[in-house]
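Engineer: Kindly generate the corresponding structure for this input.
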Amino acid sequence: MALPINIENLIKGTTVEWERLEFKAGWQPEKVIRTMCAFANDLHNWGGGYIIIGIDEQEGKPILPPVGLNENSLDKIQKEIITLAHQIQPNYIPIIQPYVLENKNILVLWCPAGDRRMYTAPAILQFKKQSNGKQVQRHAYVRIGSQTLIAKDETLRQLQEISVRVPFDDQANNQATINDFDLGLILSYLQEIKSELYDEGLKIPLSDLARSMNIAKGPNEFLRPLNVGLLFFSQQPEKYFPCAWIEIVLHKDESGEQFEEHYFKGPLHTQLRNALSFIKTNIIGEKVVKVEDRAEADRFFNFPYRAIEEALANAVYHKSYEKREPIEVQIWHDKIEIVSFPGPVPSIEENDLKNNLRVTPREYRNRRIGDFLKELDLTEGRGTGFPAINRAMENNGSPKPIFKTNNERTYFLTILPVHPLTDENAQEVQGKFQKPKKSQRELSPRQQKIVDYVRENGSISNAVCQKLLNISRPTAARDLQKMVSQNLLKQRGLNRGAIYTLME
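Structural biologist: Numbering: from 1, shown residues only. This next block holds a predicted model:
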């Protein structure tokens, strides 16, 4: 069975980080079983890794052309890999694909993160019991950088701690079935990334295709889709994950009273691309400044697209899909704010945010979403987000980005300030982005529904407003607060306990 990846891009390290790749010139069973065990343990929730047999390496990078494997040995090695896998406890089976690269045979082992951690492997390969009757010693192995090591001390404690939970995106969803997958979306994805699984996917049952992509788990009679599969390959992920969409709020005045809202729904990669396309078409503008005594003019943008792309992709990647909160993009004339919920994982410190450092969290919230986004070239490698955003802003001559959270880490906010020259002369930027005019009072159809409800029932809360209008909590809060500022409603109480009544 082919793998749901582009193998040549994998070997080049363009879709998977080097730390998640291990190259072996030849068949080395003891090293292979330890690395399989390490990828299964997935210490950092990176999503496991890949072992490529038939390619030598130097400092963790492949040496090409491949050494290759004897074609007659491929079947034997694959059988031995399955035998090895049965020596890992709990039971664990990798997915194997033979592949021809530069006319040489290689084997690619996909070792997904296991959901029954902690996994152990025998220290040496032999019969279950030694000749003196003692049990063979076993160890839990982990990946530290590009090395496979025995988990000890603090590392072992960390592994034991994460073993009690599986990241949400890799959990089975018992409220859905694999029939909720859209086969067209799956095949379109495989075709786009140029996976050999595309051709096979045209011929095999959906259940087999879902298993081969590791987006469904369970016995045949109770095969269930994984959350990551529903997020990427169902037409309406919000059916299973409320508010799993992107909201763009385009502010038309400085008070925040006049705004347009745009919703981007559907599979994660679709909503991300559509939201970015909207911003690129309607918000980003270029300014050209002629310089005296120089043929070339200075060119820059109000907001660099690359910074917005990375910031929004990071929000899609790192947000919690267990929370009923959308990703919000607030666009003002002088800045763009992108907020997702909750905040960064605890291993990211406030100093990292202030200094825009490259950060590799000790543990990721989602371990599968990033792989799909990377295959689609929608995000860079792990830990590169802050530097990439900062670099794009600097190259455009824009102020530094700002990254914020609170002490409780309930949100993560990225602020991209507008280029100072386009802020002062916003009307000159290709006619796309103009300074807002003074606000005018206007009642929207949604607000009229709120007024009608309050007239009939006496008051309304944020929660009731969400159900009444089928909107998210932040959107309901914006509508209600706008009506308070317009003296249409009066607020009583604070935060989630607030209720709103008509002004007398």
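
Engineer: Which of the residues in stretch 142-152 are classified as buried?
Structural biologist: By neighbour count with 16 or more other CB atoms under 10 Å, stretch 142-152 contains the buried residues 142-143, 146, 148, 151. Glycine gets a C-beta too; all of them are placed from N, C-alpha and C.

Engineer: from those residues, which is closest to residue 34?
Structural biologist: Using CB to CB, residue 148 is the member of the buried residues of stretch 142-152 that sits closest to residue 34, with 5.1 Å.

Engineer: show me what contacts that closest one?
Structural biologist: 22, 31, 34-35, 38, 141-142 (CB atoms under 8 Å, 6 or more residues apart in numbering).

Engineer: Strands - which of those land there?
Structural biologist: 22, 141-142 (DSSP state E).

Engineer: Now tabulate the residues you listed in JSON lines and tack on pLDDT.
Structural biologist: Below are those laid out as JSON lines (pLDDT from 0 to 100):
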{"residue": "22", "pLDDT": "95"}
{"residue": "141", "pLDDT": "97"}
{"residue": "142", "pLDDT": "97"}
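
Engineer: For residue 412, see how far away the residue most central in space within the chain is.
Structural biologist: Against the mean C-alpha coordinate of the chain, by CA atoms, centre = their mean, the closest residue is residue 317 at 2.1 Å. Using CB to CB, to the nearest Å, we find residue 317 at a distance of 11 Å from residue 412.

Engineer: same deal with residue 150?
Structural biologist: For residue 150, the distance to residue 412 - CB to CB - is 35 Å.

Engineer: hmm, back to that, can you list the buried residues in the helix or strand containing the residue nearest to the centre of the chain?
Structural biologist: Using DSSP states H and E, the element containing residue 317 is helix 305-318. By neighbour count on 16+ other CB under 10 Å, the buried set for helix 305-318 is 306-318.

Engineer: same deal with stretch 389-408?
Structural biologist: 389-393, 396, 398-399, 401, 403, 405.

Engineer: Make TSV out of those residues and add secondary structure, distance to residue 51 and pLDDT.
Structural biologist: As requested, these are arranged in TSV below (DSSP: H, G, I helix; E, B strand; the rest coil; distance: CB to CB, whole Å; pLDDT from 0 to 100):
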residue	secondary structure	distance to residue 51	pLDDT
389	helix	33	93
390	helix	35	93
391	helix	33	92
392	helix	35	94
393	helix	39	95
396	coil	41	94
398	coil	43	95
399	coil	45	95
401	coil	38	96
403	strand	36	94
405	coil	37	90
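
Engineer: Which members of the residues you listed are the farthest-apart pair?
Structural biologist: 396 and 405 (24.9 Å).

Engineer: What residues does residue 251 make contact with?
Structural biologist: Counted by CB under 8 Å, 6+ apart, residue 251 has contacts 258-259, 330-333, 436.

Engineer: for it, which residues make a bridge with it?
Structural biologist: residue 259 (DSSP bridges).

Engineer: What's the separation between it and residue 87?
Structural biologist: 60 Å.

Engineer: now do residue 370
Structural biologist: Counting by CB to CB, the gap from residue 370 to residue 87 is 30 Å.

Engineer: Which one's more surrounded, the two?
Structural biologist: Each of residue 370 and residue 87 has its neighbours counted (other CB atoms under 10 Å); residue 370 has more, 26 against 19.

Engineer: list the buried ones in whichever strand or helix holds the more buried one?
Structural biologist: Assessed by DSSP H and E, residue 370 sits inside helix 369-375. Buried residues in helix 369-375, counted by 16+ other CB under 10 Å: 369-375.

Engineer: now these in CSV, with pLDDT and distance to residue 83?
Structural biologist: Output for the buried residues of helix 369-375, formatted as CSV (pLDDT from 0 to 100; distance: CB to CB, whole Å):
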residue, pLDDT, distance to residue 83
369, 95, 33
370, 90, 32
371, 92, 28
372, 95, 32
373, 94, 35
374, 92, 32
375, 93, 31
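
Engineer: Relative to residue 198, which of these is nearest.
Structural biologist: Checking the buried residues of helix 369-375 one by one against residue 198 (CB to CB), the nearest turns out to be residue 375, at 12.7 Å.

Engineer: what's near enough to touch the closest residue to the closest one other than its chain neighbours?
Structural biologist: Nearest non-adjacent residue to residue 375, counting by CB to CB, 6 or more residues apart in numbering: residue 193, 4.8 Å away. Contact analysis of residue 193 by CB under 8 Å, 6+ apart lists 4-6, 9, 375-376.

Engineer: how far out from the middle of the chain is the helix holding residue 370?
Structural biologist: Helix 369-375 has its C-alpha centroid displaced from the chain centroid by 6 Å (CA atoms, centre = their mean, to the nearest Å).
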